[in-house]
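A.B. asks: Below are the sequence and a predicted model; questions follow.
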Amino acid sequence: MSSADTFTGAYMLYVRGIKKRKMATNRQTEIFPKEEELVGLAFGERWRIPPWLFQHQDMIHALESAQQVDEEALINTLNHVHFMDEYILLQLRHPKYEGSILVRAYPEPCLGRELTCRWSSKDFSGLDLKNYQLMHLVIDDGQSMILVPAVFQEIHRNRVKIQLPQTSYAVGQRQARRYTCHDVDVELIQSGFVAQGKLLDFSPIGFRVRVRPVSFCSFHWFNPDALVIVHLRRNQHILFSGLCKCIRQQDDFLNREIVLTHADTKVNQFKKRQIRNPRQHLVPPPAIIFDHPFLKKRVQLEVTGISTSGFSVYESADDGILMQGMIIPELMINFAGTMSIPCVVQVIYRLAEKDKGIRCGLAILDMDINSYSRLAHILTNALDSHAYDSSEVDMDALWEFFFSTGFIYPMKYRLIQSHKEGFKEMYRKLYKENPEISRHFTYQKNGRIYGHISMIRAYERTWMIHHHAARIMDSKRPGFTVLKQIMYICIAFLPHTWIM
C-alpha cells in the first residue's frame, strides 16, 4: 500500500474515532489513540498537515435546485483565483474508503475548458492521484460554494490537467460573505481554559478560529455551551475583545476549529449619556478610509451621520466587512478629498434597515487634540455658519470685543495696563498658534465677534473654562451658542475635569 493510501486510511479511521469519542460521553477510557501517536505512526514528518475531510454531502444532494454557473463565468472566476494567488479545492474519493477528502490546488490561467492545476511545494506533493477519483472542483468565493463536476485529463507528479464542464453549480448560499484572514492571533479564555491560535476567516456575523490549548490545559475543560472571552491581535495590538458564543466546532488532529459569534447585540464601550452630540448629515458626505485590520485590504465607505463622538455608515448585507466589536487602529475621515482626520474607532453596532442595508455605528476611541479641533470646527460650522471652533481670530477684533462687552472693565484694565504688551503677545500665541493646551469658540459675522468662550488645560486632566462674553446680534443668542459648543466638547472629553 502506498504512503498516500496509508494516509487516507488512517485519516478516515481518525475521523471515525472522533465520532465514536463524541458518542461516549460518560466513558473514561480512550477509544482511539492520541492524535500525536496517530500523526507520528501513520504520516511521519511530511504528513503533518492532512487534507480536509469533505463534510458537506448535503450540498451534493442539493445540486438539482442549485443556481447554475455557466462556462464563461467559471473561467473568469478561476482566472481571478489565479490573479489573487489563491487556491481551489479538489474533492477526491478513494475507492476503498467512505467519504472524500479535499486537497489544495493552484490553478493556472484558463482560456477554455482545459484547466491546469499545480501543487504547492509544502502540500501533498507525494499524493498519488491515480488512486483517486475526482468528484468536484470546489471554489469558495466567500458568498457560496461553486461545485464543478470535472474529470482528470492528465496526471503528472506536480500538476494535473482537468476537463471542465459546461455547467457548474453555486450551492450553500451564506447569509454574509466570508473572508479569509492572515496573521491575526487568537486567544480564547474560559474559566481556566486557555487556547491560542489563528483567525482563519470572518464575516460580519461571526468568525472561525483554529486554536490549540496551552501546555497546562485540555479541550476537555472547554464547555461549548458557555460564553468564552476572545482576544484577536495583530502585532500585539488588540483588534477585538469580547464575549462570544460557540456556534460549532470541529477537531482537526491536534487543533480544533471553532466558529464563534458575538454574544451581545451592541458594544457598550462608554457609559450612556443623557445628552448626545448632534448627528449631522453633511453635503457632500465625508468618507472613511482604512486598512481592514483582519484583511489588510484598503476600504472606503461613505459616512451618513457624524458627530464628534462617532459616525455611521451603510453596507450591504451580502458583502459587509464591519464586524461588531472590531477595533480599527488607523482610520482617516476624509472631507471632499481635501482634509483627512486620523482616529481610532470601534464598531459598536450593526442594525438592519429596510431598503437601506446594514447601518453600522462606529465610536471614536482616540483622536489627538488638533484633529479633534478640526473635526469639531467642521461640525460646529455646519450647524451654524457663524459658529467657529479654534479658528484664526483677528486680534484687533478680539480686543475690541473684550472692551466693548465690558469683559475688560476699568478696574481690570488698570491691573493689566502696565503689562499690555506681554498680554498682547500671550494672546497672539494662544489664538494664532493654537497650542494643545488652549481652545476657543467664537460667534462671528463678517469678521466681527459677537460671542466668545475659551478653555485652557490647567492640569493633565483638568480644563478651565473662562472668558465667556457676548453681545447682541439681531435675533441670535451668541452667548448661549458658544456655551452649547463648549458643552459638546465637554461631553466628548469626559471624564476630564472642568472648572468654570
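C.D. replies: Received, thanks. Just so it is clear, the structure is predicted and the values come from calculations on it, not from any experiment.
A.B. asks: Tell me where the stretch 251-400 of the chain has strands.
C.D. replies: Applying DSSP state E, counting those that start in this stretch to the stretch 251-400 of the chain gives strands spanning 255-262, 287-291, 298-306, 310-315, 327-335, 339-353, 357-366, 387-389.
A.B. asks: so how far is the second one from its chain's centroid?
C.D. replies: What that stands for is strand 287-291. Its chain's C-alpha centre and that of strand 287-291 lie 12 Å apart, by Cα atoms, centre = their mean, to the nearest Å.
A.B. asks: thinking again about what came up before, okay if I get the strands of the stretch 251-400 of the chain as JSON lines plus distance to His377, mean pLDDT and mean neighbour count?
C.D. replies: Yep, even glycine has a C-beta here, placed from its N, CA and C like the rest. Putting these into JSON lines (distance: least, Cβ to Cβ, whole Å; pLDDT from 0 to 100; neighbours: other Cβ atoms under 10 Å) gives the following:
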{"stretch": "strand 255-262", "distance to His377": "35", "mean pLDDT": "88", "mean neighbour count": "20"}
{"stretch": "strand 287-291", "distance to His377": "19", "mean pLDDT": "94", "mean neighbour count": "17"}
{"stretch": "strand 298-306", "distance to His377": "13", "mean pLDDT": "92", "mean neighbour count": "16"}
{"stretch": "strand 310-315", "distance to His377": "16", "mean pLDDT": "92", "mean neighbour count": "20"}
{"stretch": "strand 327-335", "distance to His377": "11", "mean pLDDT": "93", "mean neighbour count": "18"}
{"stretch": "strand 339-353", "distance to His377": "10", "mean pLDDT": "90", "mean neighbour count": "17"}
{"stretch": "strand 357-366", "distance to His377": "16", "mean pLDDT": "90", "mean neighbour count": "18"}
{"stretch": "strand 387-389", "distance to His377": "4", "mean pLDDT": "81", "mean neighbour count": "23"}
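A.B. asks: Nearest to Ile437, out of those?
C.D. replies: strand 387-389 (15.9 Å; Cβ to Cβ).
A.B. asks: Just checking: what are the partner strands of that closest one?
C.D. replies: Strand 387-389 has the following sheet partners, assigned by DSSP bridges: strand 438-445 (antiparallel).
A.B. asks: about what we covered before: could I get the strands of the stretch 251-400 of the chain in a markdown table, plus columns for distance to Phe403?
C.D. replies: Output for those, formatted as a markdown table (distance: least, Cβ to Cβ, whole Å):
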| stretch | distance to Phe403 |
| --- | --- |
| strand 255-262 | 59 |
| strand 287-291 | 45 |
| strand 298-306 | 38 |
| strand 310-315 | 41 |
| strand 327-335 | 37 |
| strand 339-353 | 35 |
| strand 357-366 | 39 |
| strand 387-389 | 20 |
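A.B. asks: Now for Pro285, how many residues are close by?
C.D. replies: As a burial measure, Pro285 scores 16 neighbours (other Cβ atoms under 10 Å).
A.B. asks: again with Gln236
C.D. replies: Counted with other Cβ under 10 Å, the neighbours of Gln236 add up to 6.
A.B. asks: separation between it and Lys198?
C.D. replies: Here Gln236 is placed at a distance of 15 Å from Lys198 (Cβ to Cβ, to the nearest Å).
A.B. asks: what's Gln133 in contact with, if anything?
C.D. replies: By Cβ atoms under 8 Å, 6 or more residues apart in numbering, the contact set of Gln133 is Leu92, Arg93, His94, Pro95.
A.B. asks: For it, give the beta-bridge partners.
C.D. replies: Applying DSSP bridges to Gln133 gives these bridge partners: Arg93.
A.B. asks: One more: Gly206?
C.D. replies: Ser203.
A.B. asks: what's around it, how many residues?
C.D. replies: Neighbours around Gly206, by other Cβ under 10 Å: 18.
A.B. asks: Please apply the same query to Asp355.
C.D. replies: 4.
A.B. asks: Okay, it and Glu302: tell me how far apart.
C.D. replies: For Asp355 relative to Glu302 (Cβ to Cβ), the value is 17 Å.
A.B. asks: So Ile486, which state does it fall into?
C.D. replies: Using DSSP: H, G, I helix; E, B strand; the rest coil, the secondary structure recorded for Ile486 is helix.
A.B. asks: hang on, isn't it packed against His452?
C.D. replies: No: using Cβ atoms under 8 Å, Ile486 is not in contact with His452; the gap is 10.8 Å.
A.B. asks: Give me the more crowded residue out of those two.
C.D. replies: The neighbour comparison of Ile486 against His452 (other Cβ under 10 Å) goes to His452, with 25 against 21.
A.B. asks: Contacts only, for that one.
C.D. replies: Here His452 is in contact with Leu398, Phe401, His440, Phe441, Thr442, Tyr443, His467, His468, Ala469, Ala470, Val482 (Cβ under 8 Å, 6+ apart).
A.B. asks: Identify the bridge partners of it.
C.D. replies: His452 forms beta bridges with Thr442, Ala469, as assigned by DSSP bridges.
A.B. asks: Can you pull the poorly scored residue ranges out of this structure?
C.D. replies: The model of the chain has pLDDT under 70 over residues 1-66, 98-99, 120-127, 141-143, 172-175, 252-253, 265, 268-276, 488-500.
A.B. asks: Swap in 50 and give it another go.
C.D. replies: Applying pLDDT under 50 to the chain flags residues 1-50, 54-55, 494-498, 500.
A.B. asks: domains in it, as residue ranges please.
C.D. replies: According to automatic domain parsing, the chain comprises the domains 1-45, 51-171, 179-262, 287-367, 371-499.
A.B. asks: how about CSV for those domains, with distance to Gln280 added?
C.D. replies: CSV is the format used below for the domains of the chain (distance: least, Cβ to Cβ, whole Å):
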stretch, distance to Gln280
domain 1-45, 55
domain 51-171, 34
domain 179-262, 26
domain 287-367, 6
domain 371-499, 6
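A.B. asks: okay, and the common contacts of Ile486 and His452?
C.D. replies: Common neighbours of Ile486 and His452, counting by Cβ under 8 Å, 6+ apart, are Phe441.
A.B. asks: So which residues of the protein form helices?
C.D. replies: Using DSSP state H, the helices of the chain run over 3-23, 35-38, 57-61, 71-83, 369-383, 395-404, 410-416, 420-432, 478-493.
A.B. asks: To His281, which of the domains of the chain lies closest?
C.D. replies: Closest among the domains of the chain, once you apply Cβ to Cβ, is domain 287-367, at 5.7 Å.
A.B. asks: Look at the closest one and report the distance between its end residues.
C.D. replies: 17 Å (Cα to Cα, to the nearest Å).
A.B. asks: how far does that domain sit from the chain's center?
C.D. replies: Distance, centroid of domain 287-367 to centroid of chain: 9 Å (Cα atoms, centre = their mean).
A.B. asks: Likewise for stretch 411-430?
C.D. replies: 52 Å.
A.B. asks: Stretch 250-260 now?
C.D. replies: The chain centroid and the centroid of stretch 250-260 are separated by 23 Å under Cα atoms, centre = their mean.
A.B. asks: Kindly check the end-to-end length of it for me.
C.D. replies: Taking Cα to Cα, the first and last residues of stretch 250-260 lie 12 Å apart.
A.B. asks: Glu108: neighbouring residues, count only.
C.D. replies: Per other Cβ under 10 Å, the neighbour tally for Glu108 reads 14.
A.B. asks: Enumerate every residue touching it.
C.D. replies: So Glu108 contacts His82, Leu115, Thr116, Cys117, Arg118 (Cβ under 8 Å, 6+ apart).
A.B. asks: The same query, at a cut-off of 10 Å, please.
C.D. replies: Leu78, Asn79, His82, Leu115, Thr116, Cys117, Arg118, Arg159, Lys161 (Cβ atoms under 10 Å, 6 or more residues apart in numbering).
A.B. asks: closest to Thr338 among those residues?
C.D. replies: Closest to Thr338, out of all of these and judged by Cβ to Cβ, is Asn79, at 38.5 Å.
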